[in-house]
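In: just a sequence and a predicted model for now, questions to come.
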Amino acid sequence: MKGTLSCTGLSKVWNADTEREVPALEDIDIDVHPGEFVVIIGPSGCGKSTFLKLLAGLEAPTAGRLLHDGHPITAPDVNRSLIFQQPSLYPWLSARDNVAFGLKLQGMARAERRRRADEYLRQVGLREFATKHPHELSGGMQQRVAIARALCVGADILLMDEPFAALDVQTRYQMQSFLLDIWHGSGKTVVFVTHHIDEAVYLADRVVVLTARPGRVLDSVAIDMPRPRSVIGPEFERYRAHFIERLRAEVARAFEEQELVEMLDTRIK
Amino acid sequence: MIGRVEAEAGVRPASRLASRPPGATRAQAWRRVREAAQAGVWWVLSIGIAVGAWEGAAALNLINPIILPPPHEFIGEIRNQAQFLMPAVGVERTGANFVALTAIAASVQRVLTGLFLAFVGGVFTGTLAFYFDIVRKLTLPLVTLLAPIAPVAWIPLAIVAFGIGDWSAIFVVFVGIYFTLTLATVKAMTNVDPVYLDAARVLGARRMQTMIYVVLPATIPALFDLVRMNLFGAWMGVLAAEMVGVNTGLGAIVMVGRQMMNMNLTFLGMAMIGLVGYLLDAAFGQVQRRVLWWRRATEL
């Protein structure tokens, strides 16, 4: 079964070996099983995005081991696709050409890659928007095109970096169920980063909580609720309360540290 | 950020995609006409007041009409076509009956050729410098030193190297903006949104592919902007070259006026220079809007 990720002792320090060293991740051990939907939450600046960049192969870890289906991750790979928080579609290409972009890079003939792109656009419900350009699409539609683009190259693993954070609440809910529809039965592995607890509990097979900087694994909880889930009800509330509690302590700690740092900074000045 | 999100999520697609009632379209068209008319009124007022003051001052004998001929006189000068044929070189070069028009054509052709060559050359060199580290290290210090030299300062070299004629003027335009454009290309390429590059890498792009399919298209709008900003500089360069040594074109007309102490001719030349420069910029803006249509929406 394809789509396994395994991290052991993973650490990342930004600007290593300089005076401005920033430890982002420390000693992360996470195993992601094929087809699993893992959501990573944590306070801002806990290195969630860094973690995804390492998984994508865009950045190299400072220490530790990263395996995708048993092979070390050293560079980006079409089997692991990253979906960004900010708009990442190419504004000069139509929705169809954006989706087909990865296939074009592989040298696939134009007619064939267009046919495939249209197929994925249909899957995300945007077939009739194939010729529109990103600026003619709403934020939610743009993210759906981005998801189609990731699926179109045949990725087994979708890495999603707060993909719905920039959307309004209504669109956000729609996009969450939309994502579950796509994922359900596809066998794809998803690693999804967010700072929204509701989103995490609604989506995840398993929620991993990271600590404030440097990010360490604080907690890992399987969400044992049948799908489709309801965001109201005692079970959901129980999980929610649990994560709020864990995060609140962490955010408070991060906040105090930040204040301490700022206080020291002003003293030094 | 929040405002932008709302606009993307709701307002824009609604206005773009939903079919508008015909009444709204007519109201919009009407509003556009009214706005254009208002802008036109201000134009007329702005120019009219200046021209009126000038004509008034001349009528009241407050200014010497030999040195500052009023607009109706120097514009009337356009009927007197024969005198444009005065400089011997000019006759040979422009040769047609309506000499003012051929002078405009000569100047415009030079500036456009120079701009085009500088654009192609600047983007080419800039791309190489961006892509190959060694090219960047070898060329950028030199280019940085050459870029601030004003187009006018190249005129003596141009005349010595290319003689009197089109290529001198074209060279002045080219060299005046080629170095700037090279630097701008490198800078614009360095400034491409990293998320575009990351997205390409994740989709399996090699470095060369990222360059061709992402960096170049993402950079071109900024370069168009720069060419447009340099348009006036190039226009000035051509005219200066025409005044000093090329002997044909609008710049030469201004200079012939001075030599013959015919300020009517000089002012007529200046008026045409201003008008043609303005029209060139407007035309460029239109091209930019058509070619880079996607950009308006993404960068507003």
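Out: Received, thanks. Predicted, not measured: the structure shown is a model, and the values here were computed from it.

In: strands along chain A, start to end?
Out: Assigned by DSSP state E, the strands in chain A fall at A:5-14, A:22-32, A:37-41, A:63-68, A:71-72, A:80-83, A:157-161, A:189-193, A:206-210, A:217-222.

In: closest to chain B out of those strands?
Out: strand A:80-83 (4.6 Å; CB to the nearest CB). Every C-beta, even on glycine, is put in place using the N, C-alpha and C of the backbone.

In: show me what the closest one packs onto, helices and strands only.
Out: Here strand A:80-83 touches helix A:48-56, helix A:139-152, strand A:157-161, helix B:194-202, going by 3 or more CB pairs under 8 Å, 6 or more residues apart in numbering or on different chains; DSSP states H and E.

In: per-residue confidence averaged over it?
Out: For strand A:80-83, the mean per-residue pLDDT is 92.

In: turn the strands of chain A into a markdown table, including mean neighbour count.
Out: What follows is those, written out as a markdown table (neighbours: other CB atoms under 10 Å in any protein chain shown):
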| stretch | mean neighbour count |
| --- | --- |
| strand A:5-14 | 19 |
| strand A:22-32 | 19 |
| strand A:37-41 | 25 |
| strand A:63-68 | 16 |
| strand A:71-72 | 10 |
| strand A:80-83 | 26 |
| strand A:157-161 | 25 |
| strand A:189-193 | 25 |
| strand A:206-210 | 23 |
| strand A:217-222 | 15 |
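
In: just send those strands back as a markdown table, with distance to residue B:41 too.
Out: Conversion of the strands of chain A to a markdown table gives the following (distance: least, CB to CB, whole Å):
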| stretch | distance to residue B:41 |
| --- | --- |
| strand A:5-14 | 58 |
| strand A:22-32 | 59 |
| strand A:37-41 | 60 |
| strand A:63-68 | 67 |
| strand A:71-72 | 71 |
| strand A:80-83 | 52 |
| strand A:157-161 | 52 |
| strand A:189-193 | 56 |
| strand A:206-210 | 63 |
| strand A:217-222 | 68 |
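
In: which one of these lies nearest to residue B:40?
Out: With CB to CB as the criterion, residue B:40 lies closest to strand A:80-83 of the strands of chain A, at 49.2 Å.

In: excluding chain neighbours, give the residue nearest to residue 251 in space.
Out: Assuming you mean chain A. Ranked by CB to CB, 6 or more residues apart in numbering or on different chains and with sequence neighbours excluded, the top spatial neighbour of residue A:251 is residue A:43, at 4.7 Å.

In: that's the wrong chain, I meant chain B
Out: Using CB to CB, 6+ apart and skipping residues adjacent in sequence, the residue nearest residue B:251 is residue B:242, 2.7 Å away.

In: would you confirm that the one you found contacts residue B:236?
Out: No. Using CB atoms under 8 Å, residue B:242 is not in contact with residue B:236, being 10.7 Å away.

In: and the two? Which one has more around it.
Out: Using other CB atoms under 10 Å in any protein chain shown, the more surrounded residue of residue B:242 and residue B:236 is residue B:242, with 27 against 20.

In: what segments of the stretch 101-250 of chain A are helices?
Out: Counting by DSSP state H, counting those that start in this stretch, the stretch 101-250 of chain A has these helices, from start to end: A:101-105, A:110-123, A:139-152, A:169-183, A:197-203, A:234-268.

In: of those, flag the one that's most buried.
Out: When the helices of the stretch 101-250 of chain A are scored by mean count of other CB atoms under 10 Å in any protein chain shown, the highest mean neighbour count falls to helix A:139-152 (a mean of 25).

In: for that one, packing partners?
Out: On a contact count with 3+ CB pairs under 8 Å, 6+ apart, helix A:139-152 meets strand A:80-83, helix A:95-99, helix A:101-105, helix A:110-123, strand A:157-161, helix A:169-183.

In: so the fifth one versus strand A:63-68, what angle?
Out: I take that to be strand A:157-161. Relative orientation of strand A:157-161 versus strand A:63-68 (axes from the mean of the first three to the mean of the last three CA atoms, to 10 degrees): 130 degrees.

In: strands paired with strand A:157-161, and their directions?
Out: Take DSSP bridges as the rule and strand A:157-161 pairs in its sheet with strand A:80-83 (parallel), strand A:189-193 (parallel).

In: what sits up against the first one?
Out: To tie it back to what came earlier, the one meant is strand A:80-83. Defining contact as CB atoms under 8 Å, 6 or more residues apart in numbering or on different chains, one finds that strand A:80-83 is touched by A:52-53, A:55-58, A:68, A:73, A:143, A:146-147, A:149-151, A:153, A:155-161, A:163, B:198-199, B:202-203.

In: try it again with 6 Å
Out: The contact list for strand A:80-83, computed with CB atoms under 6 Å, 6 or more residues apart in numbering or on different chains, reads A:56, A:146, A:150, A:155, A:157, A:158, A:159, A:160, A:163, B:202.

In: show me what from the stretch 51-200 of chain A comes close to chain B.
Out: A:56, A:58, A:76, A:78, A:81-82, A:84, A:86, A:88, A:91-92, A:101-102, A:105, A:133, A:135-136, A:138-139, A:153, A:166, A:168, A:171 (CB under 6 Å from any CB of the partner chain).

In: can you count the residues close to residue B:222?
Out: Neighbourhood size, residue B:222 [other CB under 10 Å]: 16.

In: and the pLDDT for it?
Out: 84.

In: do the same with residue A:269
Out: Residue A:269 is assigned 50 on the pLDDT scale.

In: number of residues surrounding the closest residue to chain B within chain A?
Out: Using CB to the nearest CB, residue A:135 is the residue of chain A that sits closest to chain B, at 3.3 Å. Here the number of neighbours of residue A:135 (other CB under 10 Å) works out to 20.

In: check contacts around the residue most central in space within chain B.
Out: Centroid-nearest residue in chain B, with CA atoms, centre = their mean: residue B:231, separated by 2.6 Å. Residues near residue B:231 by CB under 6 Å, 6+ apart: residue B:281.

In: please report how far it lies from residue B:154.
Out: Noted for residue B:231: a distance of 17 Å to residue B:154, by CB to CB, to the nearest Å.

In: now residue A:62: closest residue in space, sequence neighbours ignored.
Out: Excluding its sequence neighbours, the residue lying closest to residue A:62 (CB to CB, 6+ apart) is residue A:13, at 4.6 Å.

In: touching, the one you found and residue A:20? I think so.
Out: No. Residue A:13 is beyond contact range of residue A:20, at 10.5 Å (criterion: CB atoms under 6 Å).

In: on that earlier part again, of all the helices and strands packed on strand A:80-83, which lies closest to residue A:252?
Out: Between the helices and strands packed on strand A:80-83, helix A:48-56 lies closest to residue A:252; by CB to CB that is 18.5 Å.

In: run the chain-centre distance for that closest one.
Out: Distance, stretch centre to chain centre, for helix A:48-56: 8 Å (CA atoms, centre = their mean, to the nearest Å).

In: that one packs against which elements?
Out: Judged by 3 or more CB pairs under 6 Å, 6 or more residues apart in numbering or on different chains; DSSP states H and E, helix A:48-56 is in contact with strand A:22-32, strand A:157-161.

In: let's see 8 Å
Out: For helix A:48-56, the elements it packs on are strand A:5-14, strand A:22-32, strand A:37-41, strand A:80-83, strand A:157-161, strand A:189-193, helix B:194-202, judged by 3+ CB pairs under 8 Å, 6+ apart.

In: residue B:202: neighbour count?
Out: Residue B:202 has 27 nearby residues by other CB under 10 Å.

In: again with residue A:44
Out: Neighbour tally, residue A:44, other CB under 10 Å: 10.

In: on that earlier part again, what's the most distant pair in the contacts of strand A:80-83?
Out: A:146 and A:157 (15.4 Å).

In: for stretch B:208-216, measure first residue to last.
Out: 11 Å (CA to CA, to the nearest Å).

In: mind listing what's buried in that stretch?
Out: Neighbour-count burial for stretch B:208-216, counted by 16 or more other CB atoms under 10 Å in any protein chain shown, picks out B:209, B:210, B:211, B:213, B:214, B:215, B:216.

In: you'd agree the second one is up against residue B:199?
Out: Just to be clear, that refers to residue B:210. No. Shown here, residue B:210 and residue B:199 do not form a contact pair, counting by CB under 8 Å, at 9.6 Å.

In: since that was my last question, I'll sign off now.
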